[in-house]
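[1] fold the following for me, if possible:
(chains A, B, C and D)
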Protein chains: 2
Amino acid sequence: MAEWPTGRLLSTASRLVEHAWLEALDELGLSHAGLIALHLLGEEPTNQTDLAARARVENQTMSRTLDRLEREGYIARERDARDRRRHIITRTAAGAAAWESARTLEADVFPEIADPQGLRNSLLELIHAGTARRWQP
Amino acid sequence: MAEWPTGRLLSTASRLVEHAWLEALDELGLSHAGLIALHLLGEEPTNQTDLAARARVENQTMSRTLDRLEREGYIARERDARDRRRHIITRTAAGAAAWESARTLEADVFPEIADPQGLRNSLLELIHAGTARRWQP
DNA sequence: AGTATTTGCTCAGCAGGCTTACTATTTGCT
DNA sequence: AGCAAATAGTAAGCCTGCTGAGCAAATACT
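    Sure thing, here's the model as predicted:
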């Protein structure tokens, strides 16, 4: 496996790491995608396209993630009166509470490694490169 | 984004990086999962459970990936005469050819970063940790 | 020998990525 | 004012992960 291309190591590591907190999140009735959306939403209501861009996912993906959050009662959608194409998303009390309890989970669950800061830097570099290709044409 | 938990950076980076080669692979009629399977298969026919374990995915996932490779004519399944529960997977000529042309693609497409070796080491650490939890109970 | 457990694989169903295609609204240009 | 282009969101369909269930073959135990 030491000979695998780096990209493959990356996706494998990503999948394996994700398992750990999925179990934990499950108990809160949240998914990883949902947690990210709640996090990005914060206390500032905003629209779906904005959330999608900040999460680096396509619009349609965010739409479905929000469907589920809405179904679970963690967010509410409401048409923007000013621009009626838009949906304004707001966190419900339940959503805020769920987010609050999941707040530190991602960090807590992440395995200890030798050079966490180096890893973060590399990942940020990669995200930067990938973002340039997709989100700033 | 510099404040995102490392796990989230990891999955985001993974997704973004994967895009680059998905486009390239698409022209060969291969998917990333399929490429991994072909790679692991190599020239040695083997069974599905073995492939799944080495790819670090569940059995069922590998089963479906092989379904598609079989449909496209890149692999062949055949029952093992010795142990009739098993399916022996072999690469077809087309499969070997496809793999050969995709061989270096993953590496070629990967963005340049400051410390590639450091990244690889961190990822291997993470995979090691994650593997321990799931594949060696 | 006969039953119970384990093993290899498939099926069904869900989530989260993606693309392509569509509707509704807004904006912008003539 | 009116029409074309851009934007916000949804729908449908594909792939790849996962879990949970189930079947058939092989192995282990009594």
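
[2] what about residue A:121, which SS state?
    helix (DSSP: H, G, I helix; E, B strand; the rest coil).

[3] do I have it right that it meets residue B:114?
    Yes - the pair residue A:121 / residue B:114 is scored as a contact, 7.4 Å apart, by C-beta atoms under 8 Å. The way it works is simple: take the backbone N, C-alpha and C, and place the C-beta from them, glycine included.

[4] more neighbours: those two, which one.
    residue A:121 (18 against 10; other C-beta atoms under 10 Å in any protein chain shown).

[5] spell out which parts of chain A neighbour DNA strand D.
    Within chain A, the positions lying close to DNA strand D (C-beta under 7 Å from any atom of the strand) are A:11, A:15, A:19, A:47-50, A:59-60, A:63, A:66, A:77, A:83, A:85-87.

[6] list buried residues within these.
    Listed as buried from the residues of chain A next to DNA strand D are A:11, A:15, A:48, A:63, A:66, A:77, A:86, A:87; burial here means 16 or more other C-beta atoms under 10 Å in any protein chain shown.

[7] restricted to helices, list the residues you listed.
    Those of these mapping onto helices are A:11, A:15, A:48, A:63, A:66, per DSSP state H.

[8] just to revisit the earlier point, closest to chain B out of the residues of chain A next to DNA strand D?
    residue A:11 (4.8 Å; C-beta to the nearest C-beta).

[9] ok, the closest one to residue A:126 distance?
    12 Å (C-beta to C-beta, to the nearest Å).

[10] need the residues touching each of the two.
    residue B:17 (C-beta atoms under 8 Å, 6 or more residues apart in numbering or on different chains).

[11] all helices of chain A, in order?
    A:6-26, A:32-41, A:48-55, A:59-71, A:93-102, A:105-109, A:116-135.

[12] and those helices, which is most packed in?
    Between these, helix A:32-41 has the highest mean count of neighbours, a mean of 22, where neighbours are mean count of other C-beta atoms under 10 Å in any protein chain shown.

[13] hmm, which helix or strand of chain A has the shakiest average pLDDT?
    helix A:105-109 (a mean of 85; mean pLDDT, DSSP states H and E).

[14] anything in that one near chain B?
    Yes - residues of helix A:105-109 contacting chain B under C-beta under 8 Å from any C-beta of the partner chain: A:106, A:107, A:109.

[15] what's the burial count for the spatially closest residue to the second one that is not a sequence neighbour?
    In this case it means residue A:107. Of all residues beyond its chain neighbours, the one nearest residue A:107 is residue B:5 (4.9 Å), with distances taken as C-beta to C-beta, 6 or more residues apart in numbering or on different chains. Neighbour count for residue B:5, taken as other C-beta under 10 Å: 20.

[16] show me the contacts for residue B:5.
    Residue B:5 neighbours (C-beta under 8 Å, 6+ apart): A:106, A:107, A:110.

[17] equivalent analysis for residue A:1, please.
    Residue A:1 touches A:9, B:124, B:127, counting by C-beta under 8 Å, 6+ apart.

[18] which among these gets closest to residue A:34?
    residue B:127 (25.7 Å; C-beta to C-beta).

[19] show me the contacts for the closest residue to that closest one other than its chain neighbours.
    Excluding its sequence neighbours, the residue lying closest to residue B:127 (C-beta to C-beta, 6+ apart) is residue A:13, at 5.0 Å. Contact analysis of residue A:13 by C-beta under 8 Å, 6+ apart lists B:10, B:14, B:123, B:126, B:127, B:130.

[20] check residue A:120 too.
    With C-beta under 8 Å, 6+ apart, residue A:120 has these contacts: B:6, B:9.

[21] please tell me how far it sits from residue B:3.
    From residue A:120 to residue B:3 the distance is 10 Å (C-beta to C-beta).

[22] from residue B:14, how far out is the residue nearest the centre of chain A?
    Among the residues of chain A, the one closest to the centroid is residue A:36, at 2.7 Å (C-alpha atoms, centre = their mean). Residue A:36 sits 14 Å away from residue B:14, taking C-beta to C-beta as the criterion.

[23] apart from its neighbours in sequence, what residue is nearest residue A:45?
    residue A:90 (4.3 Å).

[24] that neighbour against residue A:76, yeah?
    Yes - proximity of residue A:90 to residue A:76 meets the contact threshold set by C-beta under 8 Å, at 5.2 Å.
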